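Participant: when you get a sec, could you give me coordinates for this:
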Amino acid sequence: MLNLLERLAKQVAGGTSSRSGDSVLSRRSLLLAGFSSLAAMRPSATQAAPQPSANRFLVNRLTFGWTEEEQLLADTLGYHGYLEHHLNPEAIPDNACDSLISSYLRLNWNPYNLHSVQPQVTVHQVTESTIVRAVYSKRQLLERMVEFWTDHFNVDINKSHIPWLFPLWLRLAIRQHALGTFPQLLAATAQSQVMMFYLDNVISNGTSPNENYSRELMELHTMDVGGGYTQEDVEEVARCFTGWTVHYGYGSGSTWEFLYRPEWHDNGPKVVLGTQIPAGGGFNDGLTVLDILAHHPSTARFISRKLCQRFWDYNPSETLVDAVTTTYMNTGGDIKAMLRTLFTTENPSTAAPKFKRPFHLFASTMRATKTQINPQPFFTGSALRNLYSSAGHHPFYHSPPDGYPDRLDAWSGLLLPRWNFSAILANNGIADTSINLAAFLDGASTSAAVADRIDQRLFGGRMPASEKALLLNYLGAGSPTEGIIRDAIGLAASAPSYQWY
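Facilitator: Presented below is the predicted three-dimensional model:
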């Protein structure tokens, strides 16, 4: 079934499907044609599932994909209890995922050891472990926040020395502070050797201040492009960070740790956003800038709006953004407090559905089907990672500093890679990845029972009637073959309503 959906899409587009109503290919084509006509439309326009309950909405937003187990947990704990559960990941046992992750040894290496080996295996371990965590971790909100912040503080894993050092970025800058406070997170990213290399501050000195980091620090990391800073502020901030670099080289004395070099620093007086920074501040000049930016009202609003857009709605109400912004200002950027406000200010029924980005869709499909991933920590590539790449959403491979977009128009046109992933996954066509069909079906054998099982596993019993009718037509009468059932699972994961959460 490799590239089945690609072939069907071409047949549908060209009108070349078989005319035989009994042929499997024709039924696949008709089903895909039915889905294709609806695929990029909002669920409300496609007879999609009814508005989810508040608990289900929360499961959808806090995780990388609804599962029966997560729904049961949410219903048991209640809306607020389930939210608090995920806001405190350190209290959630995650032994099964931890066991899988333990095979990716380089995630915990120090910078010197990382830079002593070739980086291809390191890059593989970072990206594959990220996929594994999204699928298996019980600490789902933590994983979603790690994704959010790696988009916000985007770093291209392929630049300069970053392939060697990227595990440090994820472990010490992002993951450690993902649910802490924004000022702590901002300071950790600013002093990361990975960020130093990515935005070239590693070479910034008093004679030749480099403005790359200072510009992105204000435009993308804190205040936003319209936040009120000027070109003069960019230049002054660049002066404040001169001498912030990395202890790097090719001898045994190079630690590859963050390093402040006082002889490189511009020690003159500076003015940033109207704040006077006296001469002689040295290393503290950079810390002063980070403090100014982290507590600036423009930063509070920018970060709050981005959180609301990611977790609530593409176009959140100003009331919601105001509430989260106020929490930011009142708590010093406490991320947990902001998320708590985000999910408890408005009625969940006011939030419009969001389109799953490819990473989210792939994780949700593997979670719903209980896909088994057999970690291969010493590969330098994998079929699974290749599918993420073909969909344009390979973790950490976004080159510009703005991160992968979170907009409907950025992803709604890339349907073919999504369909191909579901088809290949369902047919166990991805190396070291498999779906146990017997466990998935749990005794279902007739077409009606199989359709009901697919509906329950993937949609929680909420598959729209129009889509389920197409699926039943594909399964045919009687008891379908294993191949037909696997195709049906893949096609169901390609259904329009499954693309939304």
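
Participant: what's the average pLDDT for stretch 237-245?
Facilitator: Mean pLDDT, stretch 237-245: 98.

Participant: that one: end-to-end distance?
Facilitator: End-to-end distance of stretch 237-245: 15 Å, with C-alpha to C-alpha, to the nearest Å as the criterion.

Participant: again, but for stretch 93-107
Facilitator: 20 Å.

Participant: output stretch 431-442 as CSV, nothing but the C-alphas.
Facilitator: What follows is stretch 431-442, C-alpha atoms only, in CSV (Å, rounded to 0.1, in the frame of the first residue of the first chain):
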residue,chain,number,x,y,z
ALA,A,431,10.3,0.0,9.6
ASP,A,432,10.5,-0.6,13.4
THR,A,433,6.9,0.6,13.7
SER,A,434,3.8,-1.6,13.9
ILE,A,435,0.1,-1.8,14.8
ASN,A,436,-1.2,-4.9,16.5
LEU,A,437,-4.4,-5.4,14.5
ALA,A,438,-5.9,-8.1,16.8
ALA,A,439,-5.5,-5.9,19.9
PHE,A,440,-6.9,-2.9,18.0
LEU,A,441,-10.0,-4.9,16.8
ASP,A,442,-10.5,-6.7,20.1
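
Participant: what residues does it touch?
Facilitator: For stretch 431-442, the external contacting residues (C-beta atoms under 8 Å, 6 or more residues apart in numbering) are 366, 369-376, 382-384, 425-426, 428, 450, 453, 457, 482, 485-486, 489. For glycine as for every other residue, the C-beta is placed from the backbone atoms N, C-alpha and C.

Participant: in that stretch, what's buried?
Facilitator: Within stretch 431-442, the residues that count as buried by 16 or more other C-beta atoms under 10 Å are Thr433, Ile435, Phe440, Leu441.

Participant: could you do stretch 116-123 as well?
Facilitator: When burial is assessed from 16+ other C-beta under 10 Å, stretch 116-123 yields the following buried residues: Pro119, Val121, Thr122, Val123.

Participant: over to stretch 218-226?
Facilitator: Within stretch 218-226, the residues scored as buried using 16+ other C-beta under 10 Å are Met218, Glu219, Leu220, His221, Thr222, Met223, Asp224.

Participant: now secondary structure, pLDDT and distance to Asn88 too, for the buried residues of stretch 431-442, in CSV please.
Facilitator: What follows is the buried residues of stretch 431-442, written out as CSV (DSSP: H, G, I helix; E, B strand; the rest coil; pLDDT from 0 to 100; distance: C-beta to C-beta, whole Å):
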residue, secondary structure, pLDDT, distance to Asn88
Thr433, strand, 97, 31
Ile435, coil, 98, 32
Phe440, helix, 98, 32
Leu441, helix, 98, 36
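
Participant: which of the contacts of stretch 431-442 fall within helices?
Facilitator: Judged by DSSP state H, those include Met366, Ala383, Leu384, Leu425, Ala426, Val450, Arg453, Arg457, Glu482, Ile485, Arg486, Ile489 as members of helices.

Participant: now tabulate the buried residues of stretch 218-226 in CSV and tack on distance to His265, secondary structure and pLDDT.
Facilitator: Shown next, in CSV, are those (distance: C-beta to C-beta, whole Å; DSSP: H, G, I helix; E, B strand; the rest coil; pLDDT from 0 to 100):
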residue, distance to His265, secondary structure, pLDDT
Met218, 20, helix, 98
Glu219, 24, helix, 98
Leu220, 24, helix, 98
His221, 21, helix, 98
Thr222, 22, coil, 98
Met223, 24, coil, 98
Asp224, 28, coil, 98
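
Participant: how about JSON lines for those, with distance to Asp200 added?
Facilitator: Shown next, in JSON lines, are the buried residues of stretch 218-226 (distance: C-beta to C-beta, whole Å):
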{"residue": "Met218", "distance to Asp200": "16"}
{"residue": "Glu219", "distance to Asp200": "15"}
{"residue": "Leu220", "distance to Asp200": "15"}
{"residue": "His221", "distance to Asp200": "15"}
{"residue": "Thr222", "distance to Asp200": "18"}
{"residue": "Met223", "distance to Asp200": "20"}
{"residue": "Asp224", "distance to Asp200": "22"}
